[in-house]
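Chemist: task: produce atomic coordinates for the following.
(chains A and B)
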There are 2 protein chains.
Amino acid sequence: MDKSSHPKNEIERLRRRLDEVDHRILALLNRRMEIAKQIGERKRREAQLIFDPIREEAVIADLIQRNPGSLSEQGIRAIFQEIFSSSRAQQGLLRIGCCCGAAGLLVAQQRFGTSDGYRRIRSAKEGGRLLQSGTIDVLILPKKKLLDLSSFERRTDNARLLSVCGEIDPPRTLADHPMVRSGFYMVQREAEPPQPQEDSKGRKAVFLVGGCSQGAIDQWRDRFGTPWKETDARLETEGAPGKGLFVRLWEAFDPPPLEILWKGCREICGDSAWIVRLGAYPLSVVE
Amino acid sequence: MDKSSHPKNEIERLRRRLDEVDHRILALLNRRMEIAKQIGERKRREAQLIFDPIREEAVIADLIQRNPGSLSEQGIRAIFQEIFSSSRAQQGLLRIGCCCGAAGLLVAQQRFGTSDGYRRIRSAKEGGRLLQSGTIDVLILPKKKLLDLSSFERRTDNARLLSVCGEIDPPRTLADHPMVRSGFYMVQREAEPPQPQEDSKGRKAVFLVGGCSQGAIDQWRDRFGTPWKETDARLETEGAPGKGLFVRLWEAFDPPPLEILWKGCREICGDSAWIVRLGAYPLSVVE
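Modeler: Next up is the predicted model:
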């Protein structure tokens, strides 16, 4: 047997090729960090946010679409999220608050990568305060806990200070975790919820519908049908149990304009009703 | 103001440069996956393990050392761990069992990346069984739980069927978690514990010292001094409380050869004493 074709030597030869590829990747990563730094300086001048989930999602979708080889979608997403994370750290650390203990941290690191600044948050209320005071930039919390963020008694400015800018699916390994099962929202402080790019395939919007009775909620569901999904989150605000007025959280795919929704809401639920859009974002391409 | 120097346009121009760099990284990643696939095929022919923590650590240490730019050590580690994770997934999924719920999963994903196959394990004993039956390839468990893996009554083959192949520091965000605080071990099934490469800077070895009284343990500590650290893990095996014989877990930096240790162990602790090396591994470069 020729010595060079011995499996051990072959593996060594292939490993040297791997090393060469790794050195070239490392050089490109450093070039990327330099460009990210320049973007960071310009963003600071304009007081723009470091974290731009809509652009990141578009970049990943584009890379997945033009992927020439066998690297999996999951691999592209995971590797580039770590690259974005390092790039953000170069621009000034993104401060991410996570509710729900180690499970929340796990979910957040899967979405953001490990080079950002993480902080554990004891409750949704505390997270809302830290977000509004600018102590954290993004809050990750279980969907079920969104209504605990602040008091959504009626449409208030309060509700518009925070916006849902994305969601994170529950990891399969924690599918039996009661709080994690329905997934997580990413929440930012912003007067105007960010709009997904026009060319993105599908967008999801998150709405609060309040001041409605149970009967009106049922009518609402019939009217808007399947693209509307009521989440687990609900608050009873007034009246006797079972007869009160509710605040509910709804998710909708490609919803009609807000004016049409406001009109429909008043028709179905009456004058007490209100509806707020808490955010809209493109859906992630892979689960 | 010249239109091209407007900050918005400048950011757009820089983003296009980022995109170009990203496309080149993507092409290299796919080339890497092809090479990894070829290595995987050769490894399968030789029935070698997919996961080679010693080599991975050496590759990362080399990349950190030759890093030409501003990408941080933490960034290199995190990005390349994701790249390795995708490469392993290309070679045949690595099955990683994690004790300690979401905290264990978090720690494992920080070390391995997100493209491997994770499984939650209820107890150290169950993890040991799954490892020995070949259902999982690696077990991640809190240091405190290592002695629960199997019954280390005396030096047995049992102890040599599993080997500690590395450790993971606790993440700062979970420093107050009682089980996570002392860190985690990575355990593999292997007759012979893997040896770190000769040129690695420092190595840590993990030993079981058994059949010793408290007094002998104290003498042992005096003799081997600071490079020996007793861990939290201990088992009392025989005798009245406070007067029994113990099994203890020790960690040592660059320890003397096993023969010298065996001799010292018998001198100090008598005939009942035994010592087993559970593994040796290079230390990670960054915390």
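Chemist: is stretch A:266-284 anywhere near chain B?
Modeler: No. Remark: stretch A:266-284 sits outside contact range of chain B, by Cβ under 8 Å from any Cβ of the partner chain, the gap being at least 13.9 Å. Every C-beta, even on glycine, is put in place using the N, C-alpha and C of the backbone.
Chemist: centre-most residue in chain A?
Modeler: Centre of chain A computed as the mean C-alpha position; nearest residue by Cα atoms, centre = their mean is A:G166, 2.5 Å away.
Chemist: that residue: what secondary structure?
Modeler: Secondary structure for A:G166, judged by DSSP: H, G, I helix; E, B strand; the rest coil, is strand.
Chemist: that one is in contact with A:Y185, isn't it?
Modeler: Yes. With contact defined as Cβ atoms under 8 Å, A:G166 reaches A:Y185; the gap is 7.4 Å.
Chemist: residue contacts, A:S72?
Modeler: By Cβ atoms under 8 Å, 6 or more residues apart in numbering or on different chains, A:S72 lies in contact with B:S86, B:A89, B:S115.
Chemist: of those residues, which are in range of chain A?
Modeler: With Cβ under 8 Å from any Cβ as the criterion, the subset of the contacts of A:S72 in contact with chain A comprises B:S86, B:A89, B:S115.
Chemist: list the helices and strands the host helix or strand of the first one packs on?
Modeler: B:S86 is part of helix B:73-91, with elements assigned from DSSP states H and E. Counting contacts by 3 or more Cβ pairs under 8 Å, 6 or more residues apart in numbering or on different chains; DSSP states H and E, helix B:73-91 is packed against helix A:7-45, helix A:73-91, helix B:7-45, helix B:53-66, helix B:101-112.
Chemist: ok, back up a step: switch the ones next to chain A among the contacts of A:S72 over to a markdown table; also include pLDDT and neighbour count.
Modeler: What follows is these, written out as a markdown table (pLDDT from 0 to 100; neighbours: other Cβ atoms under 10 Å in any protein chain shown):
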| residue | pLDDT | neighbour count |
| --- | --- | --- |
| B:S86 | 94 | 24 |
| B:A89 | 89 | 23 |
| B:S115 | 92 | 25 |
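Chemist: and which of those is nearest to A:S213?
Modeler: B:S115 (48.3 Å; Cβ to Cβ).
Chemist: tell me which element the closest one falls in.
Modeler: B:S115 belongs to no helix or strand, assigned by DSSP H and E.
Chemist: my read is that it contacts B:Q91, right?
Modeler: No. Counting by Cβ under 8 Å, B:S115 does not reach B:Q91; the two are 11.1 Å apart.
Chemist: hmm, back to that, of the ones next to chain A among the contacts of A:S72, closest to chain A?
Modeler: Comparing the ones next to chain A among the contacts of A:S72 against chain A with Cβ to the nearest Cβ places B:S86 closest, at 3.5 Å.
Chemist: single out the most deeply packed of the helices and strands packed on helix B:73-91.
Modeler: Greatest average neighbour count among the helices and strands packed on helix B:73-91 goes to helix B:101-112 (a mean of 24), per mean count of other Cβ atoms under 10 Å in any protein chain shown.
Chemist: tell me the angle of that one relative to helix A:101-112?
Modeler: Helix B:101-112 and helix A:101-112 are oriented at 40 degrees to each other (axes from the mean of the first three to the mean of the last three Cα atoms, to 10 degrees).
Chemist: can I get helix B:101-112 in PDB? Just the C-alpha atoms.
Modeler: Provided in PDB are the C-alpha atoms of helix B:101-112 (Å, rounded to 0.1, in the frame of the first residue of the first chain):
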ATOM      1  CA  GLY B 101     -32.200  20.800  32.200                       C
ATOM      2  CA  ALA B 102     -32.000  24.000  30.200                       C
ATOM      3  CA  ALA B 103     -28.800  25.100  32.000                       C
ATOM      4  CA  GLY B 104     -27.000  21.900  30.800                       C
ATOM      5  CA  LEU B 105     -28.300  22.500  27.300                       C
ATOM      6  CA  LEU B 106     -27.200  26.100  27.300                       C
ATOM      7  CA  VAL B 107     -23.700  25.100  28.500                       C
ATOM      8  CA  ALA B 108     -23.400  22.300  25.900                       C
ATOM      9  CA  GLN B 109     -24.500  24.500  23.000                       C
ATOM     10  CA  GLN B 110     -22.000  27.200  24.100                       C
ATOM     11  CA  ARG B 111     -19.300  24.600  23.800                       C
ATOM     12  CA  PHE B 112     -20.400  22.600  20.800                       C
END
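Chemist: what packs against it?
Modeler: helix A:101-112, helix B:73-91, strand B:95-99, strand B:117-121, strand B:138-142, strand B:162-168, strand B:184-189.
Chemist: quick one: that helix to chain centroid distance?
Modeler: Centroid separation for helix B:101-112 versus its chain: 12 Å, with Cα atoms, centre = their mean, to the nearest Å.
Chemist: tell me which parts of the stretch 101-250 of chain A are close to chain B?
Modeler: Close to chain B, as judged by Cβ under 8 Å from any Cβ, the stretch 101-250 of chain A has residues A:101-103, A:105-106, A:109-110, A:113-115, A:118-120, A:171, A:173-174, A:177, A:180.
Chemist: mind running it again at 10 Å?
Modeler: Selection of the stretch 101-250 of chain A residues close to chain B by Cβ under 10 Å from any Cβ of the partner chain yields A:101-110, A:113-115, A:117-120, A:171-174, A:176-177, A:180.
Chemist: so what sits against both of A:G166 and A:Y185?
Modeler: Overlap of the contact sets of A:G166 and A:Y185 (by Cβ atoms under 10 Å, 6 or more residues apart in numbering or on different chains) consists of A:I140, A:G279, A:Y281.
Chemist: can you say which of these are buried?
Modeler: A:I140, A:G279, A:Y281 (16 or more other Cβ atoms under 10 Å in any protein chain shown).
Chemist: what packs against whatever helix or strand the second one lives in?
Modeler: Under the criterion of DSSP H and E, A:G279 resides in strand A:274-282. In this structure, strand A:274-282 packs against helix A:53-66, helix A:157-161, strand A:162-168, strand A:184-189, strand A:203-212, strand A:245-253, helix A:258-269, with contacts taken as 3 or more Cβ pairs under 10 Å, 6 or more residues apart in numbering or on different chains; DSSP states H and E.
Chemist: what are the pairing partners of it, and which direction each?
Modeler: According to DSSP bridges, strand A:274-282 has the following sheet partners: strand A:203-212 (antiparallel).
Chemist: quick check: A:E34 touching B:G69?
Modeler: Yes. With contacts defined as Cβ atoms under 10 Å, A:E34 counts as touching B:G69 at a distance of 6.8 Å.
Chemist: related to what we said a few turns ago, quick check, nearest of the contacts of A:S72 to B:F80?
Modeler: Sorting the contacts of A:S72 by distance to B:F80 puts B:S86 at the head of the list, at 10.5 Å, by Cβ to Cβ.
Chemist: all good on my end, thank you.
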